[in-house]
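Participant: Quick one: sequence and predicted model below, then my questions.
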Amino acid sequence: MSPLLEVRDLSTQFATRNGPLKAVDGVSFTLAEGEIIGLVGESGSGKSVTGFSILGLVDPPGRITGGSVKLAGRELVGLPASELRRIRGREIAMVFQDPSATLNPVLTIGTQMQLALEAHERIGAAAMQDRCVAVLTRVGIPDAARRLDAHPHQFSGGMRQRVAIAIALLNRPRLIICDEPTTALDVSIQAQILTEMRSLAEESRTAVIWISHDLATVSSIASRLLVMYAGRIIEEGPIAAVLRQPHHPYTAGLLASLPARAEPGTDLVQIPGSTPSLFDLPPGCAFQPRCGFRTAACTIMPDLVPTGMGRSHRCHHPLGEIPA
Amino acid sequence: MLGFMIQRLLQALVVMLVISALVFIGVYAVGNPIDVLISPDATQAIREAAIKAYGLDQPLWKQYLDFLARLVRGDFGRSFIYNMPVLDLIASRIPATLELTLVAVLGATFLGVPLGMYAGYRPDSVLAKIIMTVSIFGFSVPTFWIGLVLIFTFAVQLGWLPAGNRGDTATLFGVEWSLLTANGWKHLLLPALNLSLFKFAMMVRLARAGTRETMLTDTVRFARAAGESEFTILRRHVLRLIAIPIVTVFGLEFGSTMAFAVVTETIFSWPGVGKLIIDSISSLDRPVMVAYLMLVAFFFIIINLLVDLSYAALDPRLRTRRAT
């Protein structure tokens, strides 16, 4: 069976005064129907731009400079704007980080849902109302019929994000890209949304790309993990295996810096140095200046090597036992 | 809402009181109206009788209170020049100014806002640059000069449109309107164009700035991610989000044009209130000046109230804040 989404060698650049900036540099991965993957990295690692590139929503001066994105075998890169528009929302939907910024503050929830529905089909007022109420109820909004006339500011942060998720689910997309959708929420609400999102995806066989900088949230929802650094994927694998034994020193550093893994009373482990500027990447592996394992070999860019069991890494000196 | 209305009403009363004092000091207390009212060769006895009859022998505060008492009764006196009640005089001139203002301000808004939105949506396009050039022109060239150029071009050289006066009118609700006849429209076109150019420029700038800013927000990204068309996004999301400054300027421009279309009305001999006030200043027709200034203040208070009410209609967040 062919995968739902197949991304190959995707590259997205931003034209800047200092020359092109490679925000996404040769990213490849596949996603099966109903699968949830986590896309993890620091800010500036290219994870959000990857999400926007899949949707064809890169704002100028950015543009996709190469590679391919196939949804159920259909190439999306290079599609005319009108075709892409028809795919957005209906085939691939997206949820953003801050629901108070994404929802339109001056329109009612009902109007915003109506606009999202009407973008893809003609539908009568009664049917529309039923669809909206059903979806709102599914994402856990009580008394949904009455809430359609409410404005975003009349909802709490968590409820607002549920509304945004409801709008994303409205046209029953096959893939939802979630760009840090719980980062702006309270921790207790985060957990609720994560759980609900997982069961929603399972029920409707919707695939999810869960973008986050937080390994902990990702590990509770995703089955597979992609780690990005400086525009490239540096490690990929089933989430449990990667967490048990990361192969890339950067992934290991991320894991070690999780508060939950630290001994109480000790300082958190930090990755030394800071994220390199994309204008000024070191030769070879982008992580080598911060890496404790670097050797002369690291000035040559390592390939993303598959090591079996669905895992691969981009490192000359991988950690742990690598099956030969 | 009721509390808000009462509060605004009290504010309006205070403003009117202050204005009345300023107008009284400005117009009544400076100079001697007796010199205008009676012939210079009148005897001292007649003179003193007239001073007594007009209450000018009273102390200033007493005169002001009398003036106020007459205002409250709606008694603005009689025009020295036209020898008719001032209110009737002004009321007979208002329709001419009102229709000129309506055409100019509405035309500027309905043309300026879409063009400005386009210029903000595609800032690098040729059309956007043309629109912005016209708007700079509208801002920087003085009204009287444009008026003369318009007359010279369209009335004198081309002979397409009349150079002045109101033309044919038709009666509706007991009022004469040029808007109801083709000949009236011909007369209206040039002065309205003259008046609207500055307002058009302002609307273009406002709409452009608002659109540019709004297009970068997550609200627009989210709507795009839902597959909504660019036209829907502009019309349903962006227009609503930029409406508040536009409505504000619309109100202010409407008020100031009603009150001070003096230059245009003079150039095009348009028999409106602006022309009336200029004539009454040059002929020292004090009752007209007083009534006019009080009317202008009243007008602005009403317009500001309407603008504030429309804020609440446009931005639901203001509604709740006011309710609490």
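Facilitator: All right, it came through fine.
Participant: what about the residue in the stretch 51-200 of chain A that chain B sits nearest to, how many neighbours?
Facilitator: Using Cβ to the nearest Cβ, the closest approach of the stretch 51-200 of chain A to chain B is made by A:Gly89 at 3.1 Å. From N, CA and C alone the C-beta is placed, and that goes for glycine too. A:Gly89 has 25 neighbouring residues, counting by other Cβ atoms under 10 Å in any protein chain shown.
Participant: got the contact list for it?
Facilitator: Going by Cβ atoms under 8 Å, 6 or more residues apart in numbering or on different chains, A:Gly89 touches A:116, A:119-120, A:168, A:170-171, A:173, B:225-228.
Participant: The same query, at a cut-off of 10 Å, please.
Facilitator: Residues in contact with A:Gly89 (Cβ atoms under 10 Å, 6 or more residues apart in numbering or on different chains) are A:55, A:116-117, A:119-120, A:167-168, A:170-171, A:173, B:223-228.
Participant: Against B:Ala261, how distant is it?
Facilitator: 49 Å (Cβ to Cβ, to the nearest Å).
Participant: for A:His247, same thing?
Facilitator: 77 Å.
Participant: Next: B:Ala291.
Facilitator: From B:Ala291 to B:Ala261 the distance is 18 Å (Cβ to Cβ).
Participant: Buried ones in the longest helix anywhere in chain B, by neighbour count?
Facilitator: Across chain B, the longest stretch assigned as helix under DSSP state H is helix B:86-121. Of the residues in helix B:86-121, those buried under the neighbour-count criterion (16 or more other Cβ atoms under 10 Å in any protein chain shown) are B:86-87, B:89-90, B:92-105, B:107-109, B:112-121.
Participant: what's the average pLDDT for that helix?
Facilitator: The pLDDT scores in helix B:86-121 average 91.
Participant: And it, what does it pack against?
Facilitator: helix B:126-140, strand B:175-177, helix B:182-215, helix B:239-241, helix B:243-260, helix B:262-267, helix B:273-282, helix B:286-314 (3 or more Cβ pairs under 10 Å, 6 or more residues apart in numbering or on different chains; DSSP states H and E).
Participant: looking at these, which is closest to A:Pro289?
Facilitator: Relative to A:Pro289, the nearest member of the helices and strands packed on helix B:86-121 by Cβ to Cβ is helix B:182-215, separated by 38.0 Å.
Participant: In terms of secondary structure, what does that closest one contact?
Facilitator: helix B:86-121, helix B:126-140, helix B:143-150, strand B:175-177, helix B:218-225, helix B:239-241, helix B:243-260, helix B:262-267.
Participant: quick one on the thing from earlier: angle of the longest helix of chain B against helix B:273-282?
Facilitator: Interaxial angle, helix B:86-121 versus helix B:273-282 (axes from the mean of the first three to the mean of the last three Cα atoms, to 10 degrees): 130 degrees.
Participant: Helix B:86-121 vs helix B:243-260, what angle?
Facilitator: Using the same axes, to 10 degrees, helix B:86-121 lies at 140 degrees relative to helix B:243-260.
Participant: give the contact list for A:His213.
Facilitator: Remark: with contacts taken as Cβ under 10 Å, 6+ apart, A:His213 is in contact with A:40-43, A:45, A:47-48, A:180, A:183, A:254.
Participant: Next one: it from A:Arg86, what distance?
Facilitator: As judged by Cβ to Cβ, A:His213 and A:Arg86 stand 32 Å apart.
Participant: Give the next helix or strand downstream of the helix or strand harbouring A:Phe52.
Facilitator: Under the criterion of DSSP states H and E, A:Phe52 resides in helix A:47-55. Using DSSP H and E, the helix or strand that follows helix A:47-55 in sequence is strand A:62-71.
Participant: Convert the C-alpha atoms of that following strand to CSV, please.
Facilitator: Output in CSV follows, covering the C-alpha atoms of strand A:62-71 (Å, rounded to 0.1, in the frame of the first residue of the first chain):
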residue,chain,number,x,y,z
GLY,A,62,10.1,32.0,0.9
ARG,A,63,9.5,29.3,-1.7
ILE,A,64,9.8,25.6,-2.3
THR,A,65,13.0,25.2,-4.3
GLY,A,66,13.0,21.5,-4.8
GLY,A,67,11.7,18.1,-4.0
SER,A,68,8.3,16.6,-4.0
VAL,A,69,5.2,16.3,-1.7
LYS,A,70,2.8,13.5,-2.7
LEU,A,71,-0.5,13.1,-1.1
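Participant: got the buried residues for it?
Facilitator: For strand A:62-71, a neighbour-count test (16+ other Cβ under 10 Å) marks A:62, A:64-65, A:67, A:69-71 as buried.
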